[in-house]
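Peer 1: Attaching a predicted model along with its sequence, questions to come.
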Amino acid sequence: MIFGFSIKLNKALLHTHDVVAREVYGEEALRVTPPPIAPYLNGGNDDIDNGDTGDLQHVTRVRLVQFQKNTDEPMGITLKMTEDGRCIVARIMHGGMIHRQATLHVGDEIREINGQPVQHQTVSQLQRMLRDARGSVTFKIVPSYRSAPPPVELFRIRPAPVLIFVRAQFDYDPLDDELIPCAQAGIAFHVGDILQIISKDDHHWWQARHDAAGGSAGLIPSPELQEWRIACQSADKTHKEQAVNCSIFSRKKKQCRDKYLAKHNAVFDQLDLVTYEEVVKVPVGDPAFQRRTLVLLGAHGVGRRHIKNTLIAKYPDKYAYPIPHTTRQPRPDEENGRSYYFISHDEMMADIAANEYLEYGTHEDAMYGTKLETIRRIHADG
């Protein structure tokens, strides 16, 4: 009985669907249905040309974004104001609150914060407003995207991210930097600190974090910006000493962020600037890196012997020098294995052909070289 009732109900629903479809989309309905006369939401009128979609194309899509902020943790965004007074999300700090929640995107326009309009306010005022906000924080934004993101490809093989580490070659404190967009978003470091570079999307401000600390990223000056800063200081000092006005570098704060001009490259050529040195993180647990080999490269007479002797004298527990092999005849006061290993010319040539030497050369008709087996014995002895 129930089964029969279900069949009748389905037939009734299908019949109703067909009737409604004919009434709405049938030829008669399309021919007699008048055009809409109500004005559009954004102030359109009924004088619409054929094929015109009207003001619907210009409708501003506004979203409300809400989240909780109950700690002193920064939101992890920097803002910029356009010439017409609009507030735009300039960057999102990796690992910060906004980045973890994925509530905003770079390029989003912020209209209101907790119901307060932000138009024509300064970036400092807005950053202070965000820093002092507590509890429920609501943004009214105009998204930077106009279409849905592409669907996720579940089985797509993505390359592993490349980790970049650098050693800082200068001291930096964001609180003393007049060029940084937001001092609270910067991180301080000293010479020798190891930094992990998270993002280099911004030409002037990279995102990085201390390797040992982890956590969210902060802003650091890019090498180009730091080189520009040092060159400006050097040029300004030189011009002051010569009582010449350094008009080239007397720019406003906003202009200081711009890329230096090519015609000023001569200033950089006079300076030996090193800002960051790229380094590689050595896996401690890997047996191949438990003992490391330091190879000094350079032309004859540049001081390699002096560096070698200095390191061994200062750190005898960390450095040892592999005894080289040679084909020359030993002198009366020389003992094999003390200053040199003495071997025949044929034996050394055979070992060279077998790739058993790290380096080798010729001096006064005799061959000298450092054998890999000698280095391995030093590693084994600790």
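Peer 2: Arrived safely, thanks for sending. Residues are numbered from 1 along each chain as shown.
Peer 1: Let me see the ranges of the helices in the stretch 51-200 of the chain.
Peer 2: Assigned by DSSP state H, counting those that start in this stretch, the helices in the stretch 51-200 of the chain fall at 97-101, 123-132.
Peer 1: Where does the prediction get shaky in the stretch 151-300 of the chain?
Peer 2: For the stretch 151-300 of the chain, the stretches flagged by pLDDT under 70 are 151-161, 213-214, 234-272, 284-291.
Peer 1: right, so the helices of the stretch 51-200 of the chain: which one is the most enclosed?
Peer 2: helix 97-101 (a mean of 16; mean count of other CB atoms under 10 Å). C-beta coordinates here come from the backbone N, C-alpha and C atoms, glycine included.
Peer 1: packing partners for it?
Peer 2: strand 63-69 (3 or more CB pairs under 8 Å, 6 or more residues apart in numbering; DSSP states H and E).
Peer 1: helices or strands up against the strand it packs on?
Peer 2: Checking 3+ CB pairs under 8 Å, 6+ apart, strand 63-69 ends up next to helix 97-101, strand 135-142.
Peer 1: Enumerate the beta-bridge partners assigned to the nearest residue to A212 once chain neighbours are set aside.
Peer 2: What sits nearest to A212 in space, not counting adjacent residues and going by CB to CB, 6 or more residues apart in numbering, is I194, at 7.4 Å. Judged by DSSP bridges, the bridge partners of I194 are R167.
Peer 1: before we move on, what about Y341?
Peer 2: With DSSP bridges as the rule, Y341 is bridged to H325.
Peer 1: Would you confirm that it contacts R328?
Peer 2: No: with contacts counted by CB atoms under 8 Å, Y341 stays clear of R328, the gap being 11.3 Å.
Peer 1: Kindly reformat the helices of the stretch 51-200 of the chain as a markdown table containing mean pLDDT and distance to P322.
Peer 2: As requested, these are exported to a markdown table (pLDDT from 0 to 100; distance: least, CB to CB, whole Å):
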| stretch | mean pLDDT | distance to P322 |
| --- | --- | --- |
| helix 97-101 | 83 | 49 |
| helix 123-132 | 85 | 58 |
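Peer 1: and these as TSV, adding distance to P223?
Peer 2: TSV is the format used below for the helices of the stretch 51-200 of the chain (distance: least, CB to CB, whole Å):
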stretch	distance to P223
helix 97-101	24
helix 123-132	25
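Peer 1: Quick check: which of the ones you listed is nearest to A208?
Peer 2: helix 97-101 (14.5 Å; CB to CB).
Peer 1: What are the contacting residues of the closest one?
Peer 2: Residues from elsewhere that reach helix 97-101 (CB atoms under 8 Å, 6 or more residues apart in numbering): 67, 69, 73-77, 92-93, 104, 216.
Peer 1: Closest one to M348 out of those, please.
Peer 2: Distances from M348 to these, taken by CB to CB, are shortest for S216, at 56.9 Å.
Peer 1: quick one, what contacts the residue lying closest to that closest one once chain neighbours are set aside?
Peer 2: The shortest distance from S216 to any non-neighbouring residue, by CB to CB, 6+ apart, is to G95 (3.4 Å). The neighbours of G95, taking CB under 8 Å, 6+ apart as the test, are 76, 198, 209, 215-217.
Peer 1: and if you look at V142?
Peer 2: 60-63, 108-109, 111.
Peer 1: just to revisit the earlier point, reformat the contacts of helix 97-101 as JSON lines; add neighbour count and distance to I312.
Peer 2: Shown next, in JSON lines, are those (neighbours: other CB atoms under 10 Å; distance: CB to CB, whole Å):
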{"residue": "F67", "neighbour count": "15", "distance to I312": "59"}
{"residue": "K69", "neighbour count": "17", "distance to I312": "57"}
{"residue": "E73", "neighbour count": "10", "distance to I312": "49"}
{"residue": "P74", "neighbour count": "19", "distance to I312": "49"}
{"residue": "M75", "neighbour count": "23", "distance to I312": "53"}
{"residue": "G76", "neighbour count": "22", "distance to I312": "48"}
{"residue": "I77", "neighbour count": "24", "distance to I312": "52"}
{"residue": "I92", "neighbour count": "23", "distance to I312": "50"}
{"residue": "M93", "neighbour count": "23", "distance to I312": "46"}
{"residue": "L104", "neighbour count": "22", "distance to I312": "56"}
{"residue": "S216", "neighbour count": "20", "distance to I312": "43"}
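Peer 1: Just the residues you listed: which are in strands?
Peer 2: Counting by DSSP state E, the contacts of helix 97-101 place 67, 69, 77, 92 in strands.
Peer 1: How much space separates the third one from D317?
Peer 2: Applying CB to CB, to the nearest Å, one obtains 49 Å for the distance of I77 from D317.
Peer 1: swap in the first one?
Peer 2: F67 is 54 Å from D317, where distance means CB to CB.
Peer 1: rewinding a little: out of the helices of the stretch 51-200 of the chain, which is closest to Q184?
Peer 2: Per CB to CB, nearest to Q184 of the helices of the stretch 51-200 of the chain: helix 123-132, 7.1 Å.
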